[in-house]
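Visitor: Generate a structure from the sequence data that follows.
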Amino acid sequence: MTTDAAGLPTPRPIRVGTRRSLLATTQSGTVAELIRTRLGREAELVEVTTEGDRSQADGTPLAAAGGTGVFVGALRDALLRGEVDLAVHSLKDLPTYPQEGIALAAIPGREDPRDVVVARDGLTLGELPPGSRVGTGSPRRAAQLLALGLGLEISPIRGNVDTRIGKVRSGEYDAVVLARAGLARLGRLDEVTEVLDPLQMLPAPGQGALGVECRADDAQLLAELRELDDDHARAAVTAERAVLATLEGGCAAPIGALADVVEGEDGNEIWVRAVALSLDGSLSVRMSATGAPADAEGVGSRLASEMLADGAGRLAEPADKRQDA
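Guide: Now for the predicted structure:
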């Protein structure tokens with residue numbers, strides 16, 4: 001046991017569980033620094049290899065590996081085993097259903113959630129000639145790119161930020177689409193050639209936000225981590241995840257959602273936009289809704305229910321079945 005100058009025992013550092021990738025350790029390092037500056041506690045990173053990292057290394061497509069949740073399980077297991085005190089996730093990777101014994105303790109301030117293009121020769125999507133090869137591993141991005149009708153060839157891609165941008169630099173791809181937040185955290189925004197307006201491409205629910213989880217029975221740490229929570233970020237992400245959770249119950253189509261807390265005449269409002277698309281981008285259900293930030297989950301759920309009523313649940317079906325309906 002270590003002691004301070006007065007001879008009193010000092011708390012051990014908070015162990016922050018993180019994936020091993022540069023982006024993950026950068027994000028987790030941001031949370032560790034918040035712990036030091038806002039909570040006055042020491043923090044140390046503990047690297048955990050996830051199934052998602054292993055599948056990414058061997059080139060297995062993310063969907064085939066089990067979807068975004070494959071990045072989460074190993075960190076949660078380490079948390080429940082007591083090997084780490086908290087885990088930091090890209091919030092878009094977190095499943096919408098709760099995990100027994102684990103609490104989403106904090107959502108710190110959110111980075112810009114929009115998607116961006118990194119293209120050869122500094123081009124934008126509209127400037128790329130038809131037939132240009134654009135890489136993305138996301139069905140959501142692929143469907144929305146196809147919906148733009150630019151005649152682009154959308155090709156699957158895996159790997160970290162360096163790998164993906166490297167494929168543009170080598171000429172294997174003409175462009176890739178990435179989350180702006182990741183490039184911002186890595187200090188690589190100068191490589192962005194276009195920031196995509198949400199009218200063109202809605203991000204993944206929770207994109208740009210970090211989720212800090214700890215054990216649900218760790219009351220002291222839960223109370224401390226609340227100091228890191230950002231009210232607007234939590235409300236926005238809660239609404240987006242409610243859209244996703246409700247649509248997942250009856251919709252296998254690619255889904256994008258974005259919520260903003262804005263100033264209204266009678267105080268703050270939350271504005272939620274969402275889209276569900278067929279895989280080829282030819283059909284979509286797009287809606288928006290507003291409400292009170294305190295009712296963020298309800299606003300998102302009701303919006304998604306309206307989308308299901310308008311046919312979102314049939315978008316993933318083959319075209320002939322949709323026509324017969």
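Visitor: Please identify the buried residues of stretch 267-279?
Guide: For stretch 267-279, burial by neighbour count (16 or more other C-beta atoms under 10 Å) applies to 269-278. C-beta here means a position set from N, CA and C on the backbone, and glycine is covered the same way.
Visitor: cool, stretch 94-111 as well?
Guide: Buried-residue list, stretch 94-111, by 16+ other C-beta under 10 Å: 94-96, 99, 102-108, 110-111.
Visitor: Next, give phi and psi for the residue positioned nearest the centre of the chain.
Guide: Residue closest to the average C-alpha location in the chain (C-alpha atoms, centre = their mean): K92, at 2.4 Å. With angles defined as degrees, to the nearest 10, K92 sits at phi -70, psi -20.
Visitor: Distance of it relative to L39?
Guide: From K92 across to L39, the span is 25 Å (C-beta to C-beta, to the nearest Å).
Visitor: try R164
Guide: 35 Å.
Visitor: Between the two, tell me which one has more neighbours.
Guide: Per other C-beta atoms under 10 Å, whichever of R164 and L39 has more neighbours is R164, with 19 against 15.
Visitor: residues touching the closest residue to G250 other than its chain neighbours, list them.
Guide: Excluding the flanking residues, the one nearest G250 by C-beta to C-beta, 6 or more residues apart in numbering is G313, at 4.3 Å. Listed by C-beta atoms under 8 Å, 6 or more residues apart in numbering, the contact set of G313 reads 250-251, 253.
Visitor: same check, this time on R164
Guide: R164 neighbours (C-beta under 8 Å, 6+ apart): 118, 135, 157, 176, 178.
Visitor: The same query, at a cut-off of 6 Å, please.
Guide: By C-beta atoms under 6 Å, 6 or more residues apart in numbering, the residues touching R164 are 157, 176.
Visitor: Shouldn't it be within a helix?
Guide: Yes - counting by DSSP: H, G, I helix; E, B strand; the rest coil, R164 is located in a helix.
Visitor: what's the distance between it and P11?
Guide: In terms of C-beta to C-beta, R164 sits 40 Å off from P11.
Visitor: do L277 as well
Guide: 49 Å.
Visitor: the helices in the chain, which residues?
Guide: 22-34, 51-58, 62-65, 73-80, 139-147, 161-169, 180-185, 219-225, 231-248, 296-309, 319-324 (DSSP state H).
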